[in-house]
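Engineer: Generate a structure from the sequence data that follows.
(one chain, ligands or ions: 2)
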Amino acid sequence: MAVTRIDSEELEEQRLFMQRVRAVTHVWDHRPLAYTHSYGCQQNVSDSEKLDGMLEQMGFGFTDSPEKADLVLYNTCAVRENAENRVFGNVGALKALKRRNPDMVIAVCGCMVQQEHIAERMKQRFPYVDLIFGTHVTHKFPEMLYSIYEKRKRVMCIPESDGVVAEGLPVRRTSGFKASVPIMYGCNNFCTYCIVPKVRGRERSREPEAVINEVRSLTESGCKEILLLGQNVNSYGSGTDVSFPELLRRLDALDGEFVISFMTSHPKDCSHELIDVIADSRHISHHLHLPVQSGSDRILKLMNRHYDTERYLGLVDYARERIGDIQLTTDIIVGFPGETREDFDKTLDLMRRVKYDSAFTFIYSRREGTKAAEMDDPVSNEEKGSWFRELLDVQGAIGEKAYEKYVGQTLRVLCEGRGRTDEALLTGKSRQNIIVDFPGNDELIGQFVNVRIAKALPWALKGETVS
Ligand code: 5AD
Ligand code: SF4
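Structural biologist: Ligands and ions are numbered 1, 2, ... in the order given. Predicted coordinates:
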């Protein structure tokens with residue numbers, strides 16, 4: 001399938017709209033301020049960095065408080081219903097603000113409003129929302145915003161599309177030493193529970209040169225941690241001669257001290273070659289996030305996952321064999337339609353067998369428009385809730401001991417800032433992507449340091465710096 005790439009002419013046009021918005025706000029008695037918030041996954045955070053980049057070019061500053069904002073922008077997530085409910089609640093709460101400040105522009109974009117029935121509901125229920133736009137027109141944000149300032153009319157722009165690739169948009173990154181870099185967009189897998197392929201379009205990869213140049217320029221300007229993003233990074237470049245392992249090999253050849261991590265890997269496409277590349281690399285994180293979703297082959301089939309537990313466990317064993325200190329994490333869905341107690345027990349067995357360092361666990365959420373939404377779902381919410389708690393207990397007991405093996409070892413840690421729970425400590429991440437807390441002064445922030453591990457907690461390690 002040919003990828004629709006946004007050409008430079010189209011981007012030039014958007015640059016003109018950025019200037020026009022700038023001319024509108026320039027005559028105001030204050031600098032325009034934006035409050036932007038991103039829900040959901042890292043891809044959304046990355047899209048928001050582009051939206052913020054465009055806002056910056058349009059003359060906007062940023063505020064943490066919607067009360068002070070001239071523009072509020074919510075970038076939404078559709079993966080589960082509770083994320084959507086939160087957005088409805090938060091948009092509802094803006095009503096009073098808009099009444100006090102009718103000039104404020106309220107915009108809602110992203111995966112949730114890419115679904116027609118949700119966009120329609122949003123439009124009817126919240127007449128004060130000025131702009132609603134979908135996932136395929138992010139690059140047209142300046143044009144849409146200008147139209148609102150010029151015509152003072154609501155704008156809704158949610159085209160159906162297989163998706164586009166837009167290079168060269170401005171990016172506003174909040175960290176000087178951490179960055180995420182999308183390498184592909186969309187998904188072709190159609191797992192039966194998942195709305196993502198519907199709202200994000202078909203898989204399309206960025207050109208390898210574009211990715212390599214971006215990573216090179218980031219590392220040359222002092223960036224030390226790069227997260228490569230895609231719904232299924234393992235199908236990067238499918239049909240070309242630069243596969244994901246090859247892309248990693250080329251990135252690993254870049255000079256400097258930095259760590260490259262990536263997410264998410266689909267087990268069906270995760271190869272021994274990929275694991276070998278990680279094992280032999282200088283820069284690639286020893287962390288594999290490999291969502292298994294269920295330990296029952298019957299449910300995996302109903303989920304359309306295209307692997308069984310035997311293949312999955314084979315990958316886990318190979319990864320552990322090649323990379324002794326690999327951190328393994330996963331995603332699990334509890335209560336998929338038709339899941340029985342026997343199926344669920346198989347998930348518990350798999351968790352005990354793999355002994356994940358940590359697991360992201362979710363109760364199945366019915367998504368309109370997916371295949372699973374049409375399946376019989378006889379198990380009650382109460383029962384699913386009790387399975388879910390059981391799963392947390394099992395993983396909790398495993399996770400508690402997972403990091404003990406690091407006590408006494410010295411790990412190289414990228415210091416990221418002050419601790420979230422303890423301001424007296426610095427916090428950072430090891431090459432295995434494990435949180436490590438240690439005492440030290442602010443000069444270490446953004447630097448690699450060696451930390452001798454003294455204590456293991458279920459979610460972090462603690463230690464002292466050593467030279
Ligand atoms: N219900 C619950 N969890 C879901 N996920 C995706 N779709 C759903 C859904 N409908 C979970 C999967 C995926 C993670 C990002 O979100 O576990 O790996
Ligand atoms: Fe959703 Fe499956 Fe695609 Fe992941 S791989 S985004 S779970 S359809």
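Engineer: Show me the shaky parts of this protein.
Structural biologist: The chain contains residues with pLDDT under 70 at 1-2.
Engineer: Please list the residues of it that sit near ligand 2.
Structural biologist: Residues of the chain found near ligand 2 (Cβ under 6 Å from any ligand atom) are 187, 189-191, 194, 196-197, 231-232, 266. C-betas here are computed from N, CA, C, even on glycine.
Engineer: Neighbour count and secondary structure for the residues you listed - can I get that in TSV?
Structural biologist: Below are these laid out as TSV (neighbours: other Cβ atoms under 10 Å; DSSP: H, G, I helix; E, B strand; the rest coil):
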residue	neighbour count	secondary structure
187	23	coil
189	19	coil
190	12	coil
191	21	coil
194	22	coil
196	22	helix
197	17	helix
231	21	coil
232	22	coil
266	20	coil
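Engineer: and those residues near ligand 1, which?
Structural biologist: Within those, those near ligand 1 by Cβ under 6 Å from any ligand atom are residue 194.
Engineer: now the residues of the chain next to ligand 2 in JSON lines, with distance to residue 144?
Structural biologist: Formatted as JSON lines, the residues of the chain next to ligand 2 follow (distance: Cβ to Cβ, whole Å):
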{"residue": "187", "distance to residue 144": "25"}
{"residue": "189", "distance to residue 144": "31"}
{"residue": "190", "distance to residue 144": "30"}
{"residue": "191", "distance to residue 144": "32"}
{"residue": "194", "distance to residue 144": "28"}
{"residue": "196", "distance to residue 144": "24"}
{"residue": "197", "distance to residue 144": "25"}
{"residue": "231", "distance to residue 144": "25"}
{"residue": "232", "distance to residue 144": "30"}
{"residue": "266", "distance to residue 144": "33"}
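Engineer: ok, so of the residues of the chain next to ligand 2, who is nearest ligand 1?
Structural biologist: Nearest to ligand 1 among these, counting by Cβ to the nearest ligand atom, is residue 194 at 4.4 Å.
Engineer: Nearest residue to residue 429 in space, please, no chain neighbours.
Structural biologist: residue 414 (5.6 Å; Cβ to Cβ, 6 or more residues apart in numbering).
Engineer: right, and the helix or strand after the strand or helix carrying the one you found?
Structural biologist: Per DSSP states H and E: residue 414 is located in strand 410-418. Heading C-terminal from strand 410-418, the first helix or strand you meet, by DSSP H and E, is strand 426-430.
Engineer: Flag every buried residue along that next one.
Structural biologist: 426-430 (16 or more other Cβ atoms under 10 Å).
Engineer: Using CSV, write down the CA coordinates of the helix or strand just after it.
Structural biologist: With elements assigned by DSSP H and E, the helix or strand that comes after strand 426-430 is strand 435-438. Extracted C-alpha coordinates of strand 435-438, given in CSV (Å, rounded to 0.1, in the frame of the first residue of the first chain):
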residue,chain,number,x,y,z
ILE,A,435,13.7,3.0,38.4
VAL,A,436,16.7,3.6,40.7
ASP,A,437,16.7,6.1,43.5
PHE,A,438,19.9,7.4,45.2
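Engineer: that older thread, how about the contacts made by the residue nearest to residue 429?
Structural biologist: Residue 414 is in contact with 177, 224-225, 259, 428-429, 446-448, counting by Cβ atoms under 8 Å, 6 or more residues apart in numbering.
Engineer: residues from the stretch 351-467 of the chain in reach of ligand 1?
Structural biologist: Residues of the stretch 351-467 of the chain lying close to ligand 1 by Cβ under 6 Å from any ligand atom are 362, 364-365, 367.
Engineer: ok so, going back, could I get the buried residue list for the strand holding residue 414?
Structural biologist: 411, 413-416.
Engineer: Can you lay out the residues you listed as a markdown table showing distance to residue 143?
Structural biologist: A markdown table is the format used below for the buried residues of strand 410-418 (distance: Cβ to Cβ, whole Å):
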| residue | distance to residue 143 |
| --- | --- |
| 411 | 48 |
| 413 | 44 |
| 414 | 39 |
| 415 | 41 |
| 416 | 37 |
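Engineer: Tell me if residue 396 really is in a helix.
Structural biologist: Yes: Residue 396: assigned to a helix according to DSSP: H, G, I helix; E, B strand; the rest coil.
Engineer: residues contacting it?
Structural biologist: residue 458.
Engineer: Please report phi then psi for the nearest residue to residue 362 once chain neighbours are set aside.
Structural biologist: The shortest distance from residue 362 to any non-neighbouring residue, by Cβ to Cβ, 6+ apart, is to residue 333 (5.3 Å). Phi and psi for residue 333, reported as degrees, to the nearest 10, are phi -110, psi 130.
Engineer: give me phi/psi at the closest residue to ligand 2 within the stretch 1-150 of the chain?
Structural biologist: When scored by Cβ to the nearest ligand atom, the stretch 1-150 of the chain has residue 79 as its residue closest to ligand 2, at 7.8 Å. As for residue 79, its main-chain torsions (degrees, to the nearest 10) stand at phi -60, psi -40.
Engineer: Just give me the neighbour total for it.
Structural biologist: 21 (other Cβ atoms under 10 Å).
Engineer: residues contacting residue 455?
Structural biologist: So residue 455 contacts 407, 461-463 (Cβ under 8 Å, 6+ apart).
Engineer: Quick check: the gap between the nearest residue to residue 196 once chain neighbours are set aside and residue 41.
Structural biologist: Distances taken as Cβ to Cβ, 6+ apart place residue 187 nearest to residue 196, at 5.1 Å, with adjacent residues excluded. Using Cβ to Cβ, to the nearest Å, residue 187 is found at 12 Å from residue 41.
Engineer: what pairs with the closest residue to residue 3 other than its chain neighbours across the strands?
Structural biologist: In space, residue 3 comes closest to residue 204 once its chain neighbours are excluded; the distance is 4.4 Å by Cβ to Cβ, 6+ apart. Per DSSP bridges, the residues bridged to residue 204 are residue 185.
Engineer: picking that back up, okay, angle between the strand holding residue 414 and strand 426-430 too, please.
Structural biologist: Taking axes from the mean of the first three to the mean of the last three Cα atoms, to 10 degrees, one finds strand 410-418 and strand 426-430 inclined to each other by 130 degrees.
Engineer: Return strand 410-418 as CSV; C-alpha atoms alone will do.
Structural biologist: Provided in CSV are the C-alpha atoms of strand 410-418 (Å, rounded to 0.1, in the frame of the first residue of the first chain):
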residue,chain,number,x,y,z
THR,A,410,26.4,-1.6,40.3
LEU,A,411,24.1,-0.3,37.6
ARG,A,412,24.7,2.5,35.1
VAL,A,413,21.8,4.9,35.6
LEU,A,414,20.5,7.9,33.7
CYS,A,415,19.6,10.4,36.4
GLU,A,416,16.3,12.0,35.5
GLY,A,417,15.5,14.4,38.4
ARG,A,418,14.3,14.5,42.0
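Engineer: Enumerate the residues of the protein near ligand 1.
Structural biologist: Counting by Cβ under 6 Å from any ligand atom, the chain comes close to ligand 1 at 79-80, 193-194, 291, 293, 331, 333, 362, 364-365, 367.
Engineer: Could you work out the most separated pair of those residues?
Structural biologist: Across these, no pair lies farther apart than 291 and 367, at 16.5 Å, counting by Cβ to Cβ.
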